[in-house]
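Task: produce atomic coordinates for the following.
(chains A and B)
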Amino acid sequence: MSELSNKKRLHVSAGLMPSMSRLGVLALIVVIGYIIDPVNFLSSGNINNNIANASILIILGIGQTIAIITNGPDLSAGSIMTICAVIAAVLMKNYEVNFIIAIIVALGIGCILGALNGYMIAYVGIPSFVSTYGLLWVLFGFAYVILSGYVLYDFAPAFRFIGNGKLFGFLQMPIVIMLFLVVLGVLLLRKTNFGRKCYSVGSNETCATMSGINSKTVVLRAFILSGLLAACAGVLYVGRFNAVQADIGNPYLLPVLATVFMGGTSPTGGEGGIFGTIFGALVITIVSNMINLLAVPSEYRDGIIGVLIIVTVLLDSVVKNGVFRRRTSAKQSSAA
Amino acid sequence: MVSIKTFVKRVPIVTWFILLLIVFFSFQSDQYLTVRNLMILLQQGAVLLVVASAATFVIISGGLDLSLGGILTASGVVVAITLNTGVPIVFAVMAGAAVGFAFGALNGFLISYCGLRPFIVTLGTAGVFYAFSLVATNKVGIRVSNESFIFLGKLVNKTIPMAAICCGIIFLFAIFVQNRTKLGRYIFAIGGNYEGARLSGINIRFYKWLVYAFAGFLTGLAAVILVARLEVADPQVGMQWEFEAIAAAILGGTSMEIGKGDVKGTIIGVILLTIVRSGLNVIRVPSVWQSAITGLVIIFAIVFQVSVASKEMKK
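Numbering: from 1, shown residues only, chains lettered A, B, ... in the order given. The predicted structure is shown next:
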C-alpha cells in the first residue's frame, strides 16, 4: 500500500516538475524584468506588445514543434517565412492582387516548400538538418532576387488589420490568430490519429513502420504543416510591421529553436508539446525585451540567445536524468 | 582486367556533374579553359577544402558542426587583431589555430561530455562565435597590412597561388590524420557503431571531443589563409561556409548515418562547388542570383548523390 502511494507520488512529481519549473522560470524572468525597469516593463502597452511579438514566434514554434517531434528541425522555417512574405508583398504592391488571394498564394507556396523538405527527408533520405539548411540558403537567395535590394512598405489598411488591428477594440489580431492556431495545433497533436502517429514515428521510426504506420507520409505531412505555419508567420509579419525586406526571417532562426527546446520538446523526437513552446516563446520575447530596455548593443543578441539555448538544453538533460535516476532507485528500494 | 562498365561505376557520380559543368562553361566562354582561370579556381577552392575536410571528420564520427563558419570568422578576427599588435606572423597563425581549437573544444565538451545533440550545440555556439566577432571588431572589418602575411594569399611567380599550396599541405595533413592516427581510425568506429566502439575499450568520449577540437583547429588554420587572401577580417565572413563545407563532404561520399566517408573524397565536392561559383562569374550571372543558383545546384547534387548511394546500399 505504502509502495503504491510512494510510486504514485513520484509519478505525479515527475509529470508536474517540468511544467512547475517552467512557470517558476517565467515568474523569475518577469520579476527580473520588473527590477530592471519598474516603470515600462509591466505597463499594459509593453505587455501587449510582448505578447503580440511572441505571437509570430509561437506560430513558427508550433510548426517547428511538430517537425521536431516527428523527425527533426526545420531550419528553413525562417526563410520560408521570408519568401512567403516577399511573394505576398510583391503580389499586393506590384501586381495589385486582392490581399486575400495574395495570402492564399503565400500559404500555398509555404505548403509546397514544406512538401519539398518533407520529400527530401522522407523519400530521398537526406537528414533534416542538411536538407532544410540547404533550402534556407536557396530561399534567402531567391528572396534577394525577387526584391533585388528594395524594401516594400505601406500596404492596404484592410490587409494590415491582420497584423495591426484590434478585435472588439482591445484584442490584438496577431494574438487572436496565434490563439486560434495554438488550439488547432494542440488538438491536432493530442486528439487526432495524425498527432499520435507523429509521436510514434518520432520516438521510433522502425517500430512505427512495423506497426503499420506509413512513416514517410507522416514526415511529409509534418513538414508541410511546418511550411504552412511559417507562411502564416510571414503574412502576419508583413501585416504587423508594414514592410518587407529580404532578410526578415534571419533573426528568427535561433530564437525559434530556442523556443522549442526550452519548452521541453526533445531534440531526438517523439516527446514534447505546444504548451512548452508557448512558454519558450514568452521567455525569449521577454528576454529580448529586457535586452532592448537595458539598451544592450544588438551584436550581443545572437550570443545571448545561443547561450540560452545551450543552458536550457543542458538543464533539461540534467533534470530528466535526475528524475530518471530517482525513479530507478525507488524501484530498486521497493524491490529490496 | 577492369572492364569499362565497372570502371564507370567506380567513378563517383559527382565527377560526371563536374565534367558536364566544365563542358557547359567552356562553351559559354573561351576564357574558361585557361591556366589563369585554373589558378583562380585553385585559389578560391583552397580555403573551402580545409573547412570541408574539418566538416568531413565531424560527419564521419556521426556528428555535425554548424558552427564552422562562426569559428572561421572568430579565428580570422583574432588573427587580424594579433597581427595588428605587431607580433611576428608565427604568433598570429598560432593564435588563430588556438582559438579554432579552443572553440572546437568547447563544442566537443558540450557534445561529448554533456551528451547534448551536435546540431543544437553548434547552432547555439555559432551565435556566440558571431557575437564574439562582432563585439571584438566593433562591427567593422579589420584591415591587415602586414606585407609578409598577405603574401600567404598572393601568387608565387604570378602563377601558383600561395593559398593553394598552404591549404594543400593542411589537406595532406588531414589525410595523414585520417589514415595514420588513432583519431582517424576511431572516428569510423564511433560513427558506425557507438556502443560497439565503447565496448571494445575505445575512450569514445575523449575521441568524440577530440574530433570537434580538431575540426576547430583545421578551421582556425583555414581562417589564417582566408584573412591573408581577403586582406581583411570581416565579422560576418563565415556565413554560409558551414553549409558549403557540409555539402562538399556529403558530395564527396561521406554519409551521416553509417560512419562511412573519406577526407580524400571531399575534394570532389569542393571542386564541384568552386566550379559552380566561378562558372557563374564567368558567364556573368548577376550577383543576386548566385547564392540561389549555387544552393539549388548543391541541393540537386546532394539529392542525386544520396539517392544513388542508398540504391547501391540496397543491392
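
interface residues of the stretch 1-150 of chain B facing chain A?
B:64, B:66, B:110, B:114-117, B:119-121, B:123-128, B:130-132, B:134-135, B:139 (C-beta under 8 Å from any C-beta of the partner chain). For every residue, glycine as well, the C-beta is placed using N, CA and C.

ok, 7 Å please
Neighbours of chain A within the stretch 1-150 of chain B, by C-beta under 7 Å from any C-beta of the partner chain: B:64, B:110, B:114-117, B:119-121, B:123-128, B:130-132, B:134-135, B:139.

Which single residue of the stretch 151-300 of chain B ends up nearest chain A?
B:A292 (2.8 Å; C-beta to the nearest C-beta).

so what's that residue closest to, chain neighbours aside?
What sits nearest to B:A292 in space, not counting adjacent residues and going by C-beta to C-beta, 6 or more residues apart in numbering or on different chains, is A:G141, at 2.8 Å.

Need the three-state assignment for the one you found.
Put simply, A:G141 is helix when judged by DSSP: H, G, I helix; E, B strand; the rest coil.

any idea which helix or strand carries the residue of the stretch 151-300 of chain B closest to chain A?
Using DSSP states H and E, B:A292 falls within helix B:287-314.

residue ranges of the helices in the stretch 51-200 of chain B, please?
With helices called from DSSP state H, counting those that start in this stretch, the stretch 51-200 of chain B shows them at B:68-84, B:89-108, B:118-137, B:147-150, B:162-180, B:182-192, B:194-199.

Can you pull out the low-pLDDT segments for the stretch 51-200 of chain B?
Along the stretch 51-200 of chain B, no part satisfies pLDDT under 70.

what's the burial count for the closest residue in space to A:V151 that isn't next to it in sequence?
What sits nearest to A:V151 in space, not counting adjacent residues and going by C-beta to C-beta, 6+ apart, is A:Q245, at 5.2 Å. Residues lying near A:Q245 (other C-beta atoms under 10 Å in any protein chain shown) number 20.

Mind putting the helices of the stretch 51-200 of chain B into TSV with mean neighbour count?
Putting the helices of the stretch 51-200 of chain B into TSV (neighbours: other C-beta atoms under 10 Å in any protein chain shown) gives the following:
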stretch	mean neighbour count
helix B:68-84	28
helix B:89-108	22
helix B:118-137	25
helix B:147-150	13
helix B:162-180	18
helix B:182-192	20
helix B:194-199	13
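
thinking again about what came up before, which of the residues in the helix holding B:A292 are buried?
Neighbour counts over helix B:287-314 (16 or more other C-beta atoms under 10 Å in any protein chain shown) mark B:288, B:290-299, B:301-306, B:309 as buried.

One more: stretch A:175-185?
In stretch A:175-185, counting by 16+ other C-beta under 10 Å, buried: A:175-178, A:181-182, A:185.

Off-centre distance for it?
12 Å (C-alpha atoms, centre = their mean, to the nearest Å).

which residues touch it?
The contact list for stretch A:175-185, computed with C-beta atoms under 7 Å, 6 or more residues apart in numbering or on different chains, reads A:51-52, A:55, A:58-59, A:62, A:167, A:229, A:232, A:236, A:274, A:278.

cool, and stretch A:128-148?
Under the contact criterion C-beta under 7 Å, 6+ apart, stretch A:128-148 has outside partners A:71-76, A:79-80, A:82-83, A:86, A:90, A:116-117, A:120-121, A:246, B:64, B:119, B:240, B:243, B:246-247, B:250, B:288-289, B:291-292, B:295-296, B:298-299, B:302.

where does the stretch 201-336 of chain A have low pLDDT?
Looking at the stretch 201-336 of chain A by pLDDT under 70, you get A:320-336.

And the helices in it, which stretches?
A:205-210, A:215-241, A:253-262, A:274-293, A:301-335.

which of those sits most buried?
helix A:253-262 (a mean of 28; mean count of other C-beta atoms under 10 Å in any protein chain shown).

What angle do helix A:215-241 and that one make with each other?
120 degrees (axes from the mean of the first three to the mean of the last three C-alpha atoms, to 10 degrees).

Can you name the residues of the stretch 151-300 of chain A sitting close to chain B?
Residues of the stretch 151-300 of chain A lying near chain B (C-beta under 7 Å from any C-beta): A:254, A:257, A:261, A:267, A:299-300.

how about CSV for the helices of the stretch 201-336 of chain A, with distance to A:Y133 added?
Formatted as CSV, the helices of the stretch 201-336 of chain A follow (distance: least, C-beta to C-beta, whole Å):
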stretch, distance to A:Y133
helix A:205-210, 21
helix A:215-241, 14
helix A:253-262, 10
helix A:274-293, 21
helix A:301-335, 16
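
what's the closest of the ones you listed to A:I126?
Evaluated over the helices of the stretch 201-336 of chain A, closeness to A:I126 peaks at helix A:215-241, with 11.9 Å, by C-beta to C-beta.

and which of the residues of the stretch 151-300 of chain A next to chain B is nearest chain B?
For those, the closest approach to chain B (C-beta to the nearest C-beta) belongs to A:E299, at 3.6 Å.
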